[in-house]
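Undergrad: Take a look and give me a structure for this.
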Amino acid sequence: MISTLWLTLDAVGSFLLGLVLFTVPHIAGNFIFQRETDGVHWHLIRCVGGQFMAAALASYLLKNSNKVTHTVCYIMRIVAYILLLLLHFETRSVNPKLVNQQIMDVVKYGCFSGVFLNILMLLGNGWPIANNLILENRVGNCLYQLDSIASICIGSAWLAFPKWLLHRQVNVALDASHELCGRVMGALFVCSFCVAQYALHWPTSQDRKVAIRCRVLCCAAILSAQVWSQWKYPRDWSEEGKQPAG
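TA: Purely as a prediction, here's the structure:
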């Protein structure tokens, strides 16, 4: 009962935050950085919003499932909050005036509370881990593992060098605020690895399909954000960045 209520609240909160970031990234960006932001900011913020909505979908679809799926929701949140805390302390040390101090305080205390509460929920849940690997489903097992590997690699790349990933695609001068947006997106990519990794061992196919649905929503949100940004903010994107990948 408590787990269901907690995951419901988590889903509602993540969805509302993601919806705001996805639909009005210009307002969110100007509020966070206390200055006029550009189309590159808005694209990255919109991608982050899509990731939050995908995480909300996972919590919502798994809230009435068994305890082993709840374990994944808690671990995903714990990893996300820890990575966001690291970004918070790095930003406060290197660029103390980059983000409004009140927002920084909200992020810090919110992340600390999130880590503490999700650890309590995880321990109270018994920290169960499933062991129902379906050996015959080789293709599906391979795809789940590839998704997990891709999440870690893509997220790590955005955490490590976001400016390098963006510099040939945009016409604006990139600064620390663009890097922070990219690193937040990278952190959320990294923490999503555990959904596909643990889904390999979930006992029901219905639960395993949740990982697919969440990844589809995340990818669809990022793709739509890319298309919208290049159409709506053409001055901020270079011709090379508008070329289709591949």
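Undergrad: how far does stretch 133-144 sit from the chain's center?
TA: On the basis of C-alpha atoms, centre = their mean, to the nearest Å, the separation between the geometric centre of stretch 133-144 and that of its chain is 25 Å.
Undergrad: Which residues are in contact with the residue nearest to Asp147 when sequence neighbours are not counted?
TA: Leaving aside its sequence neighbours, Asp147 sits nearest to Ala196 (C-beta to C-beta, 6 or more residues apart in numbering; 4.0 Å). All C-beta atoms are positioned from the backbone trio N, CA, C, and that covers glycine. Going by C-beta atoms under 8 Å, 6 or more residues apart in numbering, Ala196 touches Tyr144, Gln145, Asp147, Ser148, Ser151, Ala211, Arg215.
Undergrad: Considering those residues, which possesses the most neighbours?
TA: Ala211 (27 neighbours; other C-beta atoms under 10 Å).
Undergrad: thinking that residue is in contact with Val195, fair?
TA: Yes. The pair Ala211 and Val195 passes the contact test of C-beta atoms under 8 Å, sitting 4.8 Å apart.
Undergrad: Identify the contacts common to the two.
TA: Joint contacts of Ala211 and Val195 (C-beta under 8 Å, 6+ apart) are Ala58.
Undergrad: Please could you give me each C-alpha atom of the helix or strand harbouring Leu123, formatted as CSV?
TA: In the assignment (DSSP states H and E), Leu123 maps to helix 101-124. The C-alpha trace of helix 101-124 is given here as CSV (Å, rounded to 0.1, in the frame of the first residue of the first chain):
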residue,chain,number,x,y,z
GLN,A,101,20.8,30.4,-5.3
GLN,A,102,17.3,29.7,-4.0
ILE,A,103,16.8,27.1,-6.8
MET,A,104,20.1,25.5,-5.9
ASP,A,105,19.0,25.2,-2.3
VAL,A,106,15.7,23.6,-3.4
VAL,A,107,17.6,21.1,-5.6
LYS,A,108,20.0,20.3,-2.9
TYR,A,109,17.5,19.6,-0.1
GLY,A,110,15.1,17.9,-2.6
CYS,A,111,17.8,15.5,-3.8
PHE,A,112,19.0,14.7,-0.2
SER,A,113,15.4,14.1,0.8
GLY,A,114,14.8,11.9,-2.3
VAL,A,115,17.9,9.8,-1.6
PHE,A,116,16.9,9.3,2.0
LEU,A,117,13.2,8.5,1.4
ASN,A,118,13.9,6.1,-1.5
ILE,A,119,16.5,4.3,0.5
LEU,A,120,13.9,3.9,3.3
MET,A,121,11.4,2.6,0.8
LEU,A,122,13.9,0.2,-0.8
LEU,A,123,14.9,-1.2,2.6
GLY,A,124,11.3,-1.4,3.7
